[in-house]
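S.K.: Sequence and predicted structure below; questions after.
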Amino acid sequence: MESKKDSSWKPQVQMYEMDYLSKIVKTSDDLNKHTYTAKQGSSFLVCERGKQRNIRSNPFSDRVIRRAFCDNVLIPKLRKYLIYDNGASLTGKGISFTRHRFEQHLHEYYRKYGTNEGYILLIDFSKYYDNIRHDKLKNAISKHIHDPEYLWLLDRILDNFKVDVSYLNDEQYSNCLNMRFDGEKQSRLPPKYLTGEKYMTKSLAIGDQVSQICSIFFPTPIDNYCKIVRSIRWYGRYMDDSYIISNDKQFLHEMLGKITQIASELGIFINHKKTKIIKINHLFTWLKLRYKLTETGHLVVKINPQTITRERRKLKKYRKMVDQGRIPLIDVQNSFKSWLGTYNKLLSYRSKSNMIALYNSLFKEY
């Protein structure tokens, strides 16, 4: 019932429900006899902010197993080892929680030092999902989950995420786990290069529930080092994005070096183009919003200009699609209301007014 939530209209879900008792019995037998093998499922590309992401869609029978495994084993066992300021994809948390904690940390900084003179270290991992090594992930999880049945099921699920790298020569293949892997580029290769001769036990699938909790848990050594070893109050993480606030720029450089070292031991890579140290009294971007701490301690929160540009272009394309009859106007209205509601409480009054004016001018004929 949990697995089919918001998906009961899909044909594969309805086909499963027609004979669900026998299917559940078969699934139970496969798990007990260790004959279960995760199906490959389907994958598709989604273009998000100019980036292509390869999304995995699992068959419904596999989703039932993974839902039960996550809700009853992985999340209850692993969540208690996560820091409080790790806010992604957990019940009671999410992007709103993380933004609230981030703003709280900035206010606490101002109350302690009485000034907006300070720095923030913004850290981003490069191709995070693609570079999570299965051996290191299983080793980390086995420290907290000891039941061999659960570990066997985890191994079967992770085996489903292995990547076909038959196009690599022997020297490259022997060192592939230590190399930065780009799944998006690999997905564009012609099928003739993916013969199934060589597989790399690395990468997790975006859109898979097991991948979500595993990717949240995997960088825990970095979280523990910052929060416990170095006692950094103003540290937080949302999936592969992290921040540290401090009044000492040299300390942030030191922390970046240590975090880079721990990430290297885990097999993940720091994105040095997006990782930077910025003054908190200058405008900077965190989780797609623009922040600035003023001299009086007021926190300015504005819409990212890139977000506005994308929405303006999207509305103009919607107008053409409505004229051609490709989409109904109600879908455009709901999309724009959703976008506007997301930023309703921010201080970008002029930007929101201009967007509303653009929308009205484009669709006034309707």
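M.R.: Noted; the coordinates are in hand.
S.K.: Where does Ile245 sit, in terms of helix or strand?
M.R.: strand 241-246 (DSSP states H and E).
S.K.: Report the mean confidence score over that strand.
M.R.: Averaged across strand 241-246, pLDDT comes to 96.
S.K.: Next, the contact list for Ser211, please.
M.R.: Arg56, Tyr129, Phe161, Leu204, Ala205 (Cβ atoms under 8 Å, 6 or more residues apart in numbering). (Glycine included, C-beta is placed from N, CA and C.)
S.K.: same question, Asp182
M.R.: Lys127, Asp130.
S.K.: Over to it: give its phi and psi.
M.R.: Note on Asp182: backbone dihedrals following degrees, to the nearest 10 are phi -120, psi 100.
S.K.: With Asp147 instead?
M.R.: Torsion angles, degrees, to the nearest 10, at Asp147: phi -70, psi 120.
S.K.: That one: neighbouring residues, count only.
M.R.: Using other Cβ atoms under 10 Å, Asp147 has 10 neighbouring residues.
S.K.: What of Phe60?
M.R.: Neighbours of Phe60 using other Cβ under 10 Å come to 21.
S.K.: in terms of contact, does it touch Tyr16 like I think?
M.R.: Yes. Contact criterion Cβ atoms under 8 Å: Phe60 and Tyr16 qualify, at 4.8 Å.
S.K.: so what sits against both of these two?
M.R.: By Cβ under 8 Å, 6+ apart, the residues touching both Phe60 and Tyr16 are Lys4.
S.K.: what's the neighbour count on the nearest residue to Lys39 once chain neighbours are set aside?
M.R.: Leaving out its chain neighbours, the residue that sits closest to Lys39 by Cβ to Cβ, 6 or more residues apart in numbering is Pro59, at 4.9 Å. If you count neighbours by other Cβ under 10 Å, Pro59 ends up with 14.
S.K.: what's near enough to touch Pro59?
M.R.: Per Cβ under 8 Å, 6+ apart, neighbours of Pro59: Gln12, Lys39, Gly41.
S.K.: Cys47 now?
M.R.: With Cβ under 8 Å, 6+ apart, Cys47 has these contacts: Arg53.
S.K.: Could you verify that it is part of a strand?
M.R.: Yes. Counting by DSSP: H, G, I helix; E, B strand; the rest coil, one finds Cys47 located in a strand.
S.K.: Can you tell me who it pairs with across the strands?
M.R.: Gln52 (DSSP bridges).
S.K.: how far away is Met1 from Pro76?
M.R.: Met1 is 19 Å from Pro76, where distance means Cβ to Cβ, to the nearest Å.
S.K.: Look at those two and report which has more neighbours.
M.R.: Shown here are Met1 and Pro76; by other Cβ under 10 Å, Pro76 has more neighbours (10 against 7).
S.K.: hang on, the earlier thing: columns distance to His253 on top of the contacts of Pro59, output as JSON lines?
M.R.: Formatted as JSON lines, the contacts of Pro59 follow (distance: Cβ to Cβ, whole Å):
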{"residue": "Gln12", "distance to His253": "51"}
{"residue": "Lys39", "distance to His253": "47"}
{"residue": "Gly41", "distance to His253": "43"}
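S.K.: By neighbour count, which of those wins?
M.R.: Most surrounded of the contacts of Pro59: other Cβ under 10 Å gives Gly41, at 16 neighbours.
S.K.: ok, it touching Phe60?
M.R.: No. Contact criterion Cβ under 8 Å: Gly41 and Phe60 do not qualify, at 10.0 Å.
S.K.: those helices in the stretch 51-200 of the chain, which residues are they?
M.R.: 60-69, 75-79, 95-113, 134-142, 148-159, 170-174, 183-187 (DSSP state H, counting those that start in this stretch).
S.K.: Which ones among the contacts of Pro59 lie within helices?
M.R.: Among the contacts of Pro59, the ones falling in helices (DSSP state H) are Gln12.
S.K.: And the pLDDT at Ala205?
M.R.: 86.
S.K.: For it, give me its contacts.
M.R.: Ser43, Asn54, Ile55, Arg56, Tyr129, Phe161, Ser211.
S.K.: Kindly supply the PyMOL command isolating those of the residues you listed that are buried.
M.R.: A single PyMOL command suffices to select whichever of the contacts of Ala205 are buried according to 16 or more other Cβ atoms under 10 Å:
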select buried, resi 54+56+129+161+211
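S.K.: Could you list every helix and strand in contact with the strand or helix carrying Asp223?
M.R.: Assigned by DSSP H and E, Asp223 belongs to helix 220-224. With contacts taken as 3 or more Cβ pairs under 8 Å, 6 or more residues apart in numbering; DSSP states H and E, helix 220-224 sits against strand 235-238, helix 249-266.
S.K.: Just the residues contacting it, thanks.
M.R.: Residues outside helix 220-224 that contact it (Cβ under 8 Å, 6+ apart) are 81-83, 86, 140, 235, 237, 242, 259, 262-263, 265-266.
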